[in-house]
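Enquirer: predicted model follows, preceded by the sequence.
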Amino acid sequence: SASASPESGDKVTRFGPFSAQARAGNVAILRGAWNEDFLRALEAFPEGAHDDDADAAAGAFAMFHADAAALLDFYGRAARERSAAPDKETE
């Protein structure tokens, strides 16, 4: 399902985390006919005529990052709880 979330801060600041990960080689895109136009739009940001692709990429990255952070937090808590629980085999 699709959902909307309010944006905060300026577009260039929101684009920063995605841009940094892309420069580090940590972003992959599905190969398709749209790649050249998409990458050209990202490279032209923020001076380019359109910023929709950069906004979408930054927003998707932020959503993924938030979900990944929540998942890591969940597994971290589970591991701590498991290590704190008494071992039933030794009782």
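Expert: Good, I have the coordinates. Residues are numbered from 1 along each chain as shown.
Enquirer: residue closest to the middle of this structure?
Expert: Most central in the chain under CA atoms, centre = their mean is residue 61, positioned 2.5 Å from the mean C-alpha point.
Enquirer: what helix or strand is the nearest residue in space to it that is not next to it in sequence on?
Expert: With sequence-adjacent residues excluded and distances taken as CB to CB, 6 or more residues apart in numbering, residue 61 is closest to residue 18, at 4.0 Å. Yep, even glycine has a C-beta here, placed from its N, CA and C like the rest. According to DSSP states H and E, residue 18 maps onto helix 11-23.
Enquirer: what sits up against that helix?
Expert: 7, 27, 42, 45-46, 51, 54-55, 57-59, 61-62, 65 (CB atoms under 8 Å, 6 or more residues apart in numbering).
Enquirer: could you list the low-pLDDT ranges of the chain?
Expert: 1-5, 87-91 (pLDDT under 70).
Enquirer: strands along that one, start to end?
Expert: Taking DSSP state E, the chain contains no strands at all.
Enquirer: ranges for the helices of it?
Expert: 11-23, 35-44, 52-84 (DSSP state H).
Enquirer: from residue 79, how far off is the residue nearest to residue 61?
Expert: According to CB to CB, to the nearest Å, residue 18 and residue 79 sit 29 Å apart.
Enquirer: for the helix holding residue 18, which positions count as buried?
Expert: 14-15, 18-19, 22 (16 or more other CB atoms under 10 Å).
Enquirer: next, the angle from that helix to helix 52-84.
Expert: If you take axes from the mean of the first three to the mean of the last three CA atoms, to 10 degrees, helix 11-23 sits at 70 degrees to helix 52-84.
Enquirer: can you give me the angle helix 11-23 makes with helix 35-44?
Expert: Using the same axes, to 10 degrees: helix 11-23 against helix 35-44 is 120 degrees.
Enquirer: show me how far helix 11-23 is from its chain's centre.
Expert: Offset of helix 11-23 from its chain centre (CA atoms, centre = their mean, to the nearest Å): 10 Å.
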